[in-house]
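# 3D, please:
(chains A and B)
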Protein chains: 2
Amino acid sequence: MHIKKQRLLTPGPTPLLPRALHAMMASDIHHRTQDFIKLYPVVLRDLKEVYGTQNDVLILVSSGTGALEASVSNFFSEGDKVVVCSAGKFGERWVELAKAFRLNAVVLTADYGDVVAPQRVEQALQENPDAKGVFFQASETSTGAAHDVRAIAEIVKKTGALCIVDAITGLGTMPLDIDGWGLDIVVGGSQKAFMIPPGLAFVSVSAKAWEMNAAAKLPRLYFDLKKEKKMADKGESAWTPNVSHILALAEALKYIKEIGMDNLVQNAMLLARATREAAAALGLELFAPGSPSSSVTAIKAPAGMDSGEIVKGFRNQFGSIIANGQGTMKGQIFRIAHLGYFDFPDLFAMVAELELILHSKGIPVEFGKGVAAVQRVYAEAVAGRQS
Amino acid sequence: MHIKKQRLLTPGPTPLLPRALHAMMASDIHHRTQDFIKLYPVVLRDLKEVYGTQNDVLILVSSGTGALEASVSNFFSEGDKVVVCSAGKFGERWVELAKAFRLNAVVLTADYGDVVAPQRVEQALQENPDAKGVFFQASETSTGAAHDVRAIAEIVKKTGALCIVDAITGLGTMPLDIDGWGLDIVVGGSQKAFMIPPGLAFVSVSAKAWEMNAAAKLPRLYFDLKKEKKMADKGESAWTPNVSHILALAEALKYIKEIGMDNLVQNAMLLARATREAAAALGLELFAPGSPSSSVTAIKAPAGMDSGEIVKGFRNQFGSIIANGQGTMKGQIFRIAHLGYFDFPDLFAMVAELELILHSKGIPVEFGKGVAAVQRVYAEAVAGRQS
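Here you go, the predicted model:
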C-alpha cells in the first residue's frame, strides 16, 4: 500500500481554489446586514466583468439546472415554439425542460460526440419563423463536443428568437463574446471554471431577453429573474443567499481577474490540446474528434475494455477521481477535464497514471510517451509566448 | 500565462494532509479543560504507537531544533564528553548545541554527501570510554544521506553512552526499531512525515536516558522533559500547548495508523528509489549515491548550471516549491522530497517538470524518459505486491 491522495479531477465539481475554500470559513455574516450588502455588489460586478458583458448577470442559489429552468420559465409562455439542439445528456435536459414547461419544441438532435451544425439551426428558424428561442450547449460536457456558438448566435441574432446558451462548462474554457455575438442568456455554474463547490448558478440576461420576460407567462417564483435583478440592484439577493459560496466566489473571481479570463480560457484550450495529443500518442481514439471541447476531453476506452475499468484504475491505483461516460456512453468513454483550476502538472500526472492503468490491463504502452506529448505542447506554447 | 498551482514539495514543511488542516479549525477549546484533557492522551498514545516504542514520547511546542536542544540539556552536565557525528548542516547543529551547552564534543565529520561510518563511532567510543552520548542524524536532510542507524546504535548500546538520534526526517522514511536497536532519544518534527505544519517537536526517551536525566545538571526550564512527562502522565502539557497543531496531529496520526507506519516508510523508500532511477535516466548525478536517504533525494545540477536555476524553474514555470542546497551546497544541488504526504502522481509531475526545466535551459532531454523510469518502479512494485 502506498499513499494515494484524493484528487478531484472531474468536469464538475472541479478542483477547488484553496483561497476560495478558506474564505468559506468566514460565513458567519448575516445576509441582510451591511456585512453582506457591502460584499454582494462587488461579487456581482466582478462576475459581470469575468462574463465580459454589459448584460445583467444574476446569481441563483441552485445547481446549474436551476438556471437552465430559469432560462425557460422567465422568457416564454405555454405553447411557445422554440428550437432545441440536443447532442448529449445536457441537450436532452433542455428538451426535458421544454417539455415540462409545455413549450412547443422543434428538436434538432445530433449523435453523441457530434454537434448540431449552424446550418441546421438556420434551416429550422426559416421553417419556424415563429420560434421564440434557440437553446443549445456551448460545450456538451457529456460528450466533450463544442457547438459553434458564434455561428449559431449570428443566425439567431437576425431573428426575433432568443439565443439561450448553456455555458455551464463553456464559460472559462472557450471564447464567448456575449455582447458581440448576441448571446441573450448565458448560464454558468459555480463548480466549473469558477473553481468553487457546487451550489450557485449564474445567468446573464440581455435587453432583448428582458423584453421577452415582460410578456412571458410561465409560472415562476423562486427563479423569478426580474425579482432577482430588482434585489441585485439594491445589493441584495431575492432569497437567502448561500453566504459561504458567495465568499468563496468573491475570492475565485479575484483570482480569475488576476490571471485574466482570456488566459483562463487559453489554459483550458492548451490542456485540452495537450490531452488530445497524448491520446493520439497512446493510440487512443477521441469521442468527439470533429468539434472537441476544451472543457473536457472524452476518450474512448480501448476496444473490448469497459471505460469503467480505467475510471476505477484512476481511483484505486492513484486516488484520482475522473469521469466515466454518462447514460449510454457509460463504459465507452472516460473524460479528462480541463475547466478551471487545472494546470500542467495535473495533466502530467493524469497521463502518467493513464499509461500505467492501460499497462496494468495488458495494453501495450510505452511509458512516458503520452506524457512527452503533453510536454511538447507545453514547451511549444512557452516558446511561442517568449518569441 | 497559464494556471500554476502552488505546490509545497520541500523536505519540510511538507505537503499537508487536508483532513489535518481542516481539523485545525476546531481550535476553540481551552487546554486546561476536559475538551483538551480528553484529546491529549489519545494523541500521545497514537504518537507512541506510530513511533513504535515502549519508551515515553513527549510533545514540545517548538521547532525540531527545540527538541534537539532538549536532547542535550536534559541528559548532560557541563564538560561531559560526547561523540557527535557531523555530515551536513544538521550534524553541524548538533555540534553548535554541544558547544553552546559546554559539552566536550569529539566531532566525527564526514564530507557533505557522505556519512560517518559506524566503525568510526566504534573507534571513537573505544578511545573515549567516558563518552556519555553519541549524537547523529538518521537522515541528514541537507545532503540526502542516511546514517546506518542500526549499526551505530548497536555499537552505542554496548557502552554507557546514550544513543541520540535526530530522526526529524528519518521517522516515517526509514525503518527505526527504537526498542530493538536501543535508540535512547529519537527526535521528530510535525512538519515532516507527520504531514502537518511546523510548530511541534517530538522526543522519545528511554529508561537509560531517564537515569542520565536524574544526574544531568545543564540548565533547562521550558524544555524540562521530566516536567513534561509528569504533566503528560496526567493528560496535560507542561506549558500552553499549540492546540490547533494538536488537533491536526490527532488527525494525521489517525491517517498514518490507517495506512500503517511501515507502509508510510515503504512509500517514501519507493518514491526515493523511483527518483534515483529518474535521475539516472536523465543523466543527472546524485549527491549522496553511497547512502541515499529516503526522505529526500539530493541531485546535482548539470555541470555549469546553478541549481537555483532549477529551483526557480519549478517555481516560475509550474508553481512547485522544491528545495535548493543549504550552505555551501546552495547552487550545487536541488532536493526532491519524499517524506510524508507524497504520492506517485506528485512524482510523475515533478519529474515531467524537471525534464521541461532542463530542456528550457538548453540541456538535451528526451521528454518522458525520467517519468518512464518512475513508472517502471511503480509498475514493478505493484506487480511485486500482487504476486
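# any idea how far residue B:2 is from the residue in the stretch 251-387 of chain A that chain B sits nearest to?
The minimum distance from the stretch 251-387 of chain A to chain B, using C-beta to the nearest C-beta, falls at residue A:368 (2.8 Å). Glycine gets a C-beta too; all of them are placed from N, C-alpha and C. Remark: distance between residue A:368 and residue B:2 (C-beta to C-beta, to the nearest Å) = 22 Å.
# Looking at these two, which has the bigger crowd around it?
The neighbour count for residue A:368 versus residue B:2, taken as other C-beta atoms under 10 Å in any protein chain shown, is higher for residue A:368 (29 against 21).
# follow-up on the earlier one: surely the residue of the stretch 251-387 of chain A closest to chain B meets residue A:355?
Yes: judged on C-beta atoms under 8 Å, residue A:368 makes contact with residue A:355 at a distance of 7.3 Å.
# any shared contact partners between those two?
Listed contacts common to residue A:368 and residue A:355 are residue B:375; contacts here mean C-beta atoms under 8 Å, 6 or more residues apart in numbering or on different chains.
# Would you map out the domains in chain A?
A:7-14+A:260-386, A:18-259 (automatic domain parsing).
# how long is the last one from one end to the other?
Domain A:18-259 has its terminal residues 15 Å apart, counting by C-alpha to C-alpha, to the nearest Å.
# does any part of that domain sit near chain B?
Yes: Domain A:18-259 reaches chain B (C-beta under 8 Å from any C-beta of the partner chain) through A:25, A:259.
# the strands in chain A, which residues?
Along chain A, the stretches classed as strands by DSSP state E are A:7-8, A:56-60, A:81-86, A:104-109, A:133-137, A:139-140, A:145-146, A:162-166, A:185-189, A:201-205, A:296-300, A:320-321, A:323-324, A:333-337.
# out of those strands, deepest packed?
strand A:139-140 (a mean of 33; mean count of other C-beta atoms under 10 Å in any protein chain shown).
# List the strands paired with that one, with their directions.
Strand A:139-140 pairs in its sheet with strand A:145-146 (antiparallel), by DSSP bridges.
# Just the residues contacting the partner strand, thanks.
Under C-beta under 8 Å, 6+ apart, the answer for strand A:145-146 is A:87-88, A:113-115, A:138-140, A:170, A:174, A:287-288, A:290-295, A:298.
# ditto for stretch A:360-371
Here stretch A:360-371 makes contact (C-beta under 8 Å, 6+ apart) with A:278-279, A:281-282, A:302, A:305, A:309-310, A:313, A:317, A:348, A:351-352, A:354-356, A:358-359, B:348, B:352, B:367-372, B:375-376, B:379, B:382.
# need the contact list for residue A:317.
Neighbouring residues of residue A:317 by C-beta under 8 Å, 6+ apart: A:4, A:353, A:356, A:357, A:360, B:382.
# Among these, which one sits closest to residue B:250?
residue A:4 (21.5 Å; C-beta to C-beta).
# pLDDT weak spots in chain A?
Applying pLDDT under 70 to chain A flags the ranges A:1, A:386-387.
# residue ranges of the helices in it, please?
Counting by DSSP state H, chain A has helices at residues A:18-23, A:34-51, A:64-73, A:89-100, A:118-127, A:149-157, A:178-181, A:207-215, A:225-233, A:243-259, A:261-281, A:307-318, A:344-360, A:369-386.
# contacting residues for residue A:87?
Residue A:87 makes contact with A:109, A:110, A:111, A:112, A:114, A:115, A:116, A:137, A:140, A:143, A:145, A:147 under the criterion C-beta under 8 Å, 6+ apart.
# rerun that using 6 Å as the cut-off
Contact analysis of residue A:87 by C-beta atoms under 6 Å, 6 or more residues apart in numbering or on different chains lists A:110, A:115, A:116, A:140.
# Can you verify my assumption that the first one contacts residue A:116?
Meaning residue A:110. Yes: the criterion here is C-beta atoms under 6 Å, and residue A:110 meets it with residue A:116 at 4.8 Å.
# Looking at those two, which is more packed in?
The neighbour comparison of residue A:110 against residue A:116 (other C-beta under 10 Å) goes to residue A:116, with 26 against 20.
# can you tell me which residues contact that one?
Counting by C-beta under 6 Å, 6+ apart, residue A:116 has contacts A:85, A:87, A:108, A:110.
# Next, it: phi, psi?
Main-chain dihedrals, residue A:116, degrees, to the nearest 10: phi -80, psi 120.
# So it versus chain B, what's the distance?
31 Å (C-beta to the nearest C-beta, to the nearest Å).
# Spatially, what comes nearest to that residue if we skip its sequence neighbours?
Distances taken as C-beta to C-beta, 6 or more residues apart in numbering or on different chains place residue A:85 nearest to residue A:116, at 4.0 Å, with adjacent residues excluded.
# Equivalent analysis for residue A:188, please.
Using C-beta to C-beta, 6+ apart, the nearest residue to residue A:188 is residue A:202, at 3.9 Å.
# ok, now residue A:296?
The shortest distance from residue A:296 to any non-neighbouring residue, by C-beta to C-beta, 6+ apart, is to residue A:11 (4.0 Å).
# And residue A:199, by the same measure?
Per C-beta to C-beta, 6+ apart, closest to residue A:199 is residue A:245, 4.6 Å.
# Near that neighbour, how many other residues are there?
25.
# who's in contact with the residue positioned nearest the centre of chain A?
With distances taken as C-alpha atoms, centre = their mean, the residue of chain A nearest its centroid is residue A:169 (0.8 Å). Neighbouring residues of residue A:169 by C-beta under 6 Å, 6+ apart: A:139, A:141, A:192, A:295, A:339.
# Please repeat the previous calculation with a cut-off of 8 Å.
Neighbours of residue A:169 in contact, by C-beta under 8 Å, 6+ apart: A:11, A:12, A:138, A:139, A:141, A:192, A:193, A:293, A:295, A:296, A:339.
# what does residue A:167 give?
With C-beta under 8 Å, 6+ apart, residue A:167 has these contacts: A:137, A:138, A:139, A:149, A:176, A:183, A:186, A:187, A:188.
# same thing but 6 Å
Contacts for residue A:167 (C-beta under 6 Å, 6+ apart) come out as A:138, A:176, A:186, A:188.
# from those, which is closest to residue A:72?
residue A:186 (14.5 Å).
# centre of the chain versus stretch A:88-102, how much separation?
17 Å (C-alpha atoms, centre = their mean, to the nearest Å).
# Could you pull out the buried residues of it?
Across stretch A:88-102, burial judged by 16 or more other C-beta atoms under 10 Å in any protein chain shown covers A:88, A:89, A:90, A:91, A:92, A:93, A:94, A:95, A:96, A:97, A:98, A:101.
# And the last one, its phi and psi?
When you say that, I think you mean residue A:101. According to degrees, to the nearest 10, residue A:101 has phi -100, psi 10.
# isn't it right up against residue A:220?
No: in this structure, residue A:101 is not within contact of residue A:220 by C-beta under 6 Å, at 9.6 Å.
# who touches both of those two?
Common neighbours of residue A:101 and residue A:220 (C-beta under 6 Å, 6+ apart) do not exist.
# Relative to chain B, which residue of the stretch 51-200 of chain A is the closest?
residue A:195 (9.6 Å).
# how about the domains of chain A, which one is nearest residue B:335?
That would be domain A:7-14+A:260-386 among the domains of chain A, by C-beta to C-beta, at 17.8 Å.
# distance between the ends of stretch A:199-216?
27 Å.
# who touches that stretch?
A:51, A:53, A:55-60, A:62, A:64, A:66-67, A:70, A:74-77, A:162, A:184-190, A:242, A:245.
# Contact partners for residue A:321?
Going by C-beta under 6 Å, 6+ apart, the list of residues near residue A:321 reads A:8, A:9, A:10.
# try 10 Å this time
Neighbour list for residue A:321: A:6, A:7, A:8, A:9, A:10, A:13, A:311, A:314, A:315 [criterion: C-beta atoms under 10 Å, 6 or more residues apart in numbering or on different chains].
# now it, nearest residue through space, not along the chain?
residue A:8 is the one closest to residue A:321 (C-beta to C-beta, 6+ apart), at 5.2 Å.
# Nothing else from me, thank you.
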